[in-house]
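K.L.:
here are the coordinates; sequence isn't available:
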């Protein structure tokens with residue numbers, strides 16, 4: 001397969017020598033019945049924890065039918081790689097038809113155990129054997145090929161595809177906010193999160209198990225979450241016994257596995273009496289509570305110290321974020337000032353124009369903005385019953401701070417008919 005034919009989403013792509021090694025091992029795995037063929041079977045092995053590594057064909061059309069596998073493999077900590085040809089992969093699997101993906105499965109007594117481990121080590125550590133994807137065209141340039149908003153003749157990618165070890169390169173290449181800023185923006189725009197506490201001794205046989213709760217929160221000026229808890233809630237009692245917890249925050253309006261999300265590790269404590277009014281003001285600023293929505297029987301808590309931050313931002317962004325950087329960086333103004341209301345107004349104006357723009361080469365049934373930052377916006381795209389995320393970047397060097405600036409920036413994108421299609 002020529003360099004021009006390689007879909008940039010097919011990453012990491014094995015070079016010719018590594019491809020020979022991979023296909024040889026796939027053939028042996030088929031002989032030892034340690035192989036599952038096809039995207040559905042590969043997905044099952046990942047979900048069941050039976051997969052040693054995943055192999056995909058880079059010439060699959062459309063490639064998007066495979067792009068859930070890298071995301072799932074990342075979540076399961078399983079190595080994955082693309083090889084150039086589905087026909088060659090099919091032959092290695094022992095069939096005459098093309099095979100677009102396969103999973104080499106685990107077997108404790110297998111004679112292939114050593115070979116499988118060696119290849120896994122190569123896939124994880126030897127980055128020199130993996131080809132990087134072609135550079136993504138920058139906003140404002142014309143991509144070759146079809147001449148539509150996505151440039152090429154193949155279907156546009158609407159999936160977030162993780163890139164192992166490619167956090168900084170993906171972030172800079174696609175005009176995304178750096179991870180620390182993206183996390184601050186995410187906490188400003190989200191209203192709810194999942195809080196995971198440790199069940200206390202008072203719960204008897206359940207002691208020590210994680211307990212998940214859906215809670216609302218408001219970030220303070222340092223980005224530390226502030227909570228309003230009822231003293232009767234299970235998570236409140238758990239925190240009073242053990243303050244350790246995690247908070248998982250997702251972009252509102254989208255709940256798929258490819259959604260941008262962050263996990264904050266920290267310790268949550270009740271605030272003192274003299275801090276309760278301060279905490280209430282944080283809540284009013286975010287949740288716009290009226291005079292009748294006062295404290296009631298709730299009490300304010302705060303994640304006093306954040307020990308770790310793990311961010312999955314999609315578009316190749318997977319990172320442990322430096323806590324000090326997170327605490328000192330300021331979120332984008334557009335994400336803080338009326339974020340939810342801004343999105344409602346922008347959707348009222350741009351939902352139909354964006355749908356039309358995105359439908360240039362693929363059929364799109366609906367498009368809705370679900371988040372915005374100074375560099376661009378994430379759009380939830382519906383194709384039939386399938387929902388995915390499309391990133392639209394504003395003009396390079398154009399930093400958006402206000403609602404009116406966001407409108408101007410989006411009109412420019414629509415008028416030019418140039419959507420910055422990222423690795424998803």
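P.N.:
Cool, got the structure. Here the structure is a predicted model, which is why all the values come from computation and not from measurement.
K.L.:
Can you find the helix or strand in the chain with the smallest mean pLDDT?
P.N.:
helix 167-173 (a mean of 37; mean pLDDT, DSSP states H and E).
K.L.:
Run through the neighbouring helices and strands of the helix or strand hosting residue 115.
P.N.:
Assigned by DSSP states H and E, residue 115 belongs to helix 113-125. For helix 113-125, the packing partners by 3 or more C-beta pairs under 8 Å, 6 or more residues apart in numbering; DSSP states H and E come out as helix 16-31, strand 51-57. From N, CA and C alone the C-beta is placed, and that goes for glycine too.
K.L.:
Make sure residue 279 is indeed in a strand.
P.N.:
No: counting by DSSP: H, G, I helix; E, B strand; the rest coil, residue 279 is not found in a strand; it is helix.
K.L.:
Leaving aside the residues adjacent along the chain, what's closest to it?
P.N.:
Setting aside the residues directly before and after it, residue 279 is nearest to residue 300 in space (C-beta to C-beta, 6 or more residues apart in numbering), at 3.6 Å.
K.L.:
wait, is the one you found part of a helix?
P.N.:
No: according to three-state DSSP, the state of residue 300 is strand, so it is not within a helix.
K.L.:
Please report how far it lies from residue 245.
P.N.:
Residue 300 is 16 Å from residue 245, where distance means C-beta to C-beta, to the nearest Å.
K.L.:
can you give me the strands in the stretch 301-424 of the chain?
P.N.:
317-320, 366-372, 376-383, 386-393 (DSSP state E, counting those that start in this stretch).
K.L.:
of all these, which lies closest to residue 335?
P.N.:
Of all the strands of the stretch 301-424 of the chain, strand 366-372 sits nearest to residue 335, with 6.8 Å by C-beta to C-beta.
K.L.:
List the contacts of that closest one.
P.N.:
Strand 366-372 has contacts (C-beta atoms under 8 Å, 6 or more residues apart in numbering) with 185-186, 189, 251-254, 260, 334-335, 339, 342-343, 346-347, 350-351, 354-355, 358, 377-382, 389-390, 400, 406.
K.L.:
Recalculate using a threshold of 6 Å.
P.N.:
Taking C-beta atoms under 6 Å, 6 or more residues apart in numbering as the criterion, the residues outside strand 366-372 that touch it are 189, 251, 253-254, 334, 343, 346-347, 351, 354-355, 358, 377-382.
K.L.:
Restrict the residues you listed to the buried ones and give me that as a ChimeraX selection.
P.N.:
Paste this into ChimeraX to select the buried members of the contacts of strand 366-372, with burial taken from 16 or more other C-beta atoms under 10 Å:
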select :189,251,253,254,334,343,346,347,354,355,358,377,378,379,380,381
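K.L.:
can you put the helices and strands packed on helix 113-125 in a markdown table and add mean neighbour count, distance to residue 312 and mean pLDDT?
P.N.:
As requested, the helices and strands packed on helix 113-125 are exported to a markdown table (neighbours: other C-beta atoms under 10 Å; distance: least, C-beta to C-beta, whole Å; pLDDT from 0 to 100):
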| stretch | mean neighbour count | distance to residue 312 | mean pLDDT |
| --- | --- | --- | --- |
| helix 16-31 | 18 | 27 | 92 |
| strand 51-57 | 25 | 18 | 93 |
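K.L.:
Rebuild those as a markdown table, extending it with distance to residue 89.
P.N.:
Shown next, in a markdown table, are the helices and strands packed on helix 113-125 (distance: least, C-beta to C-beta, whole Å):
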| stretch | distance to residue 89 |
| --- | --- |
| helix 16-31 | 7 |
| strand 51-57 | 5 |
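K.L.:
Where does pLDDT dip in the stretch 101-250 of the chain?
P.N.:
Residue ranges of the stretch 101-250 of the chain with pLDDT under 70: 124-175.
K.L.:
Just give me the neighbour total for residue 417.
P.N.:
Residue 417: 12 surrounding residues under other C-beta atoms under 10 Å.
K.L.:
Residue 353 versus that one, what's the distance?
P.N.:
In terms of C-beta to C-beta, residue 417 sits 11 Å off from residue 353.
K.L.:
Now do the same for the residue nearest to residue 279: its pLDDT.
P.N.:
Confidence at residue 300, expressed as pLDDT, is 94.
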